[in-house]
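# predicted model, plus sequence, below.
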Amino acid sequence: MSTHISSTRRLPRTRSRGLYYFDLVWIAALLIVVAGWLLRITRPHVSWNTRELAAAIAFAAALAGLLAVRPTAYTQRGPWIVLVFAAIALASTALIFWPLDVAAAFIACGVMSAALLVGLVLRSKPLHEPLERLDLFKLMALAASVGASAVLAELMLRVGIGAFSLEMQQVLQADPRNYGVAHPYIGHLQKPDATIVISGRDFSASHHTDRNGFRNPWPWPSQAGVVVVGDSVTFGYGVSDDEAWPAILAAGLTPERVINLGLIGAGPQQYARVYETFGAGLRPKLVIVGFLAGNDFWDADAFDNWIKSGTGGNYMVWRDFGRPPQPSVSLGDPLGSLDNLFRSHVSPLVHRSSIYNLLRGVRQVVESRQSLVYRFPDGHQIQLSPAALVDKAVAAQSGQREFQLASDALVRLSALAAQSNGRLLVVLQPGKEEVYLPLLGEQPADTHRALRDALGAAGIEYLDLTPAFRQRAANGARLFFEVDGHPNAAGYALIGELVLAHVREHRKRYGLAD
């Protein structure tokens, strides 16, 4: 009887003797990598490339090699096998999570690094042996040194921010508090009576807003002949106040007043809501919509999701900093629950970190180097992203949810304009890929084709600027910034020139003064 009891007590020790603390580490590493794979599968717009597949295969090979020599790897005096596995596991995590989201990659690599460091400290210790004081001291010292290093790096980035370029300074200082003000119906507005300085690799501009948060001389008139709505291209992102295309239009249409209601980051539903809130009372004879297929369909989907979320607050903060509705946990959808909790609690904190923002800036640099480059005879260049255009072209197809949301918003905006006997003109603005890829022998998708058909069927007038942009580009004109996707001063001038010529030609039909 006593012998039987003794063997029963030894059994757990016998079974656990073959396990080491580092076994928990490689299991955690495997779970992190698998989670990255599953998250990518649930986001079909994120495509795989050869490098990422190679990283996943390398991780599988490294794990198989580690398991083949487990006891030897854990007890080596010089733990080179474990170090090789750790390096490959960390690199694979970064490459798999990187295309999903910088914050997700930041957190995944942080968790992976912490697990690997703990595993390196305890690698030769069997799991059945309790932790000793020396082990605890090593772990506490490791945690303290890592924490101190992170805090020091954060402080150095904040204190030494002046050593970076203006473009990188903006990236490092990205903060939800700089994303305008919340609006319960529109979602967000630019900060009123403010000066917004925007810088890129090849531009720097000051944007001045009026008392309503738009880009107009103050005070507004009681009535305006033309009201323009749109996103950052309509606002005039990246150029001075008088170089925005609605300002060029206003200069050529005097004595008619032109009010620019362009809103950075807005989508089609917001165009209608902005006009309804700020423009309808001006009783314009012509309402012009600056529509950019490159992101307006995506913005339509994002804004609709914000409305359905019931979150409220600042839409732009929700969109860029990840704030879903009420965080919830569902056993039936563990990945969705994990993603929800991450976006509601972890992501907003990470986005405020200068270390995270530095990584985001590095990602932008890496992605820009992977782009196609169109070079001008004078040595200047423009970076193009064909892959991004392909992804955006999917949403621009008739029958897609994003397409329907955008076209419905334009129809509603047309009805709002008609309430004051006004007419609607949709200006279809091309992106840089649509303009310059043909000069490299590429044939980009026509992202406006389905929308042109829908507008024609609804009886809504449109002006497609793509042919004129391509012609001007073929003649050697630089119409966009090198890296940033917005038009440069010459591009905005061309938009203003084309829209002004069209409005002048049809001003009697629009009821505008000669």
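Perfect, I can see it now.

# and the gap between Leu479 and Gly431?
11 Å (Cβ to Cβ, to the nearest Å). Every C-beta, even on glycine, is put in place using the N, C-alpha and C of the backbone.

# and if you look at Ala58?
Ala58 is 36 Å from Gly431, by Cβ to Cβ.

# also Leu38?
Distance from Leu38 to Gly431, by Cβ to Cβ: 32 Å.

# between those two, which one's more packed in?
Comparing Leu38 with Gly431 by other Cβ atoms under 10 Å, the one with more neighbours is Gly431, at 26 against 11.

# was I right to think that one contacts Gly294?
Yes: contact criterion Cβ atoms under 8 Å: Gly431 and Gly294 qualify, at 3.8 Å.

# name the residues contacting each of the two.
Common contacts of Gly431 and Gly294 (Cβ atoms under 8 Å, 6 or more residues apart in numbering): 389, 447, 485.

# mind checking which of the residues you listed land in helices?
Secondary structure assignment (DSSP state H) places Leu389 from the shared contacts of Gly431 and Gly294 within helices.

# helices and strands of the chain: which one has the lowest mean pLDDT?
Here the helix or strand of the chain ranked lowest by mean pLDDT, DSSP states H and E is helix 2-16, holding a mean of 39.

# which residues in the stretch 51-200 of the chain form strands?
Under the criterion DSSP state E, counting those that start in this stretch, strands of the stretch 51-200 of the chain are mapped to 181-183, 187-189, 195-200.

# oh, that last question was meant for the stretch 301-450 of the chain, not what I typed.
372-375, 381-384, 423-429.

# pipe these into a markdown table and attach distance to Val229 per row.
Supplementary listing: those in a markdown table, determined by distance: least, Cβ to Cβ, whole Å:
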| stretch | distance to Val229 |
| --- | --- |
| strand 372-375 | 31 |
| strand 381-384 | 28 |
| strand 423-429 | 10 |
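
# which parts of stretch 58-67 are buried?
If you call a residue buried by 16 or more other Cβ atoms under 10 Å, then stretch 58-67 has these buried ones: 59, 62-63, 66.

# would you list these in CSV and tack on pLDDT and distance to Gly265?
Below are the buried residues of stretch 58-67 laid out as CSV (pLDDT from 0 to 100; distance: Cβ to Cβ, whole Å):
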residue, pLDDT, distance to Gly265
Phe59, 91, 37
Ala62, 91, 42
Leu63, 92, 43
Leu66, 91, 46
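
# closest to Phe164 out of these?
Nearest to Phe164 out of these is Phe59 (Cβ to Cβ; 33.6 Å).

# what sits closest to that closest one if chain neighbours are left out?
Of all residues not flanking Phe59 in the chain, Ser92 sits nearest, at 3.9 Å (Cβ to Cβ, 6 or more residues apart in numbering).

# looking at it, that neighbour is touching Ala61, isn't it?
No: using Cβ under 8 Å, Ser92 makes no contact with Ala61, being 10.3 Å away.

# any chance of the backbone angles for Pro217?
With angles defined as degrees, to the nearest 10, Pro217 sits at phi -60, psi 150.

# ok, so of the buried residues of stretch 58-67, who is nearest Ala28?
Looking across the buried residues of stretch 58-67 and measuring by Cβ to Cβ, the closest to Ala28 is Leu63, at 11.9 Å.

# contacting residues for the closest one?
By Cβ under 8 Å, 6+ apart, the neighbours of Leu63 are 26, 29-30, 85, 89.

# in helices only, show me these.
Per DSSP H, the subset of the contacts of Leu63 in helices is 26, 29-30, 85, 89.

# a markdown table for those, including neighbour count?
Shown next, in a markdown table, are the ones in helices among the contacts of Leu63 (neighbours: other Cβ atoms under 10 Å):
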| residue | neighbour count |
| --- | --- |
| Trp26 | 23 |
| Ala29 | 26 |
| Leu30 | 14 |
| Phe85 | 24 |
| Ala89 | 26 |
